[in-house]
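Asker: Please find the sequence and the predicted model below.
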Amino acid sequence: MLKLKKKTGEELLTEATAFVEKTIDQLDAAAEKLNEEADEVERQIIELQDKSDKLNGQYLQAARMKEKFEQLLY
């Protein structure tokens, strides 16, 4: 028959503390990874905004050139 050892309060507290510390470490690692991913997404957003600004500038320049061309035709 299997005999279970009764644990003292101190043993239970030690196990619970180890479990909590391990969980905290895992959560810290997950949070760090999420922060790194968020930084990468932020970098990509800034890059896309820069590209969008450049394209908007090119569009406005093309529109002005079209207007000038149309004025020359008429």
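Answerer: Yes, it's here.
Asker: Find the helix or strand that the most centrally placed residue in the chain is a member of.
Answerer: By C-alpha atoms, centre = their mean, the mean C-alpha position of the chain lies nearest to A38, the distance being 1.6 Å. Per DSSP states H and E: A38 is located in helix 9-73.
Asker: if you average pLDDT over that helix, what comes out?
Answerer: Mean pLDDT, taken over the full extent of helix 9-73, equals 96.
Asker: now that helix: how far from the chain's centre is it?
Answerer: Helix 9-73 has its C-alpha centroid displaced from the chain centroid by 5 Å (C-alpha atoms, centre = their mean, to the nearest Å).
Asker: measure G9 to E15 for me?
Answerer: 11 Å (C-beta to C-beta, to the nearest Å). For every residue, glycine as well, the C-beta is placed using N, CA and C.
Asker: more neighbours, these two?
Answerer: The neighbour count for G9 versus E15, taken as other C-beta atoms under 10 Å, is higher for E15 (11 against 7).
Asker: Return the residues in contact with that one.
Answerer: K7 (C-beta atoms under 8 Å, 6 or more residues apart in numbering).
Asker: how close does it sit to E70?
Answerer: From E15 across to E70, the span is 81 Å (C-beta to C-beta).
Asker: now swap in D53 and tell me
Answerer: Separation of D53 from E70 (C-beta to C-beta): 26 Å.
Asker: Over to N35?
Answerer: N35 is 52 Å from E70, by C-beta to C-beta.
Asker: and what of K22?
Answerer: Distance, K22 to E70, using C-beta to C-beta: 71 Å.
Asker: go on, T8?
Answerer: In terms of C-beta to C-beta, T8 sits 91 Å off from E70.
Asker: A63 too?
Answerer: Distance, A63 to E70, using C-beta to C-beta: 11 Å.
Asker: how about stretch 30-38 as PDB, C-alpha atoms only?
Answerer: Extracted C-alpha coordinates of stretch 30-38, given in PDB (Å, rounded to 0.1, in the frame of the first residue of the first chain):
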ATOM      1  CA  ALA A  30       6.800  36.200 -21.400                       C
ATOM      2  CA  ALA A  31       6.500  40.000 -20.700                       C
ATOM      3  CA  GLU A  32      10.000  40.600 -22.000                       C
ATOM      4  CA  LYS A  33       9.200  38.700 -25.200                       C
ATOM      5  CA  LEU A  34       6.000  40.700 -25.700                       C
ATOM      6  CA  ASN A  35       7.800  44.000 -25.100                       C
ATOM      7  CA  GLU A  36      10.400  43.000 -27.800                       C
ATOM      8  CA  GLU A  37       7.600  42.100 -30.200                       C
ATOM      9  CA  ALA A  38       5.800  45.400 -29.400                       C
END
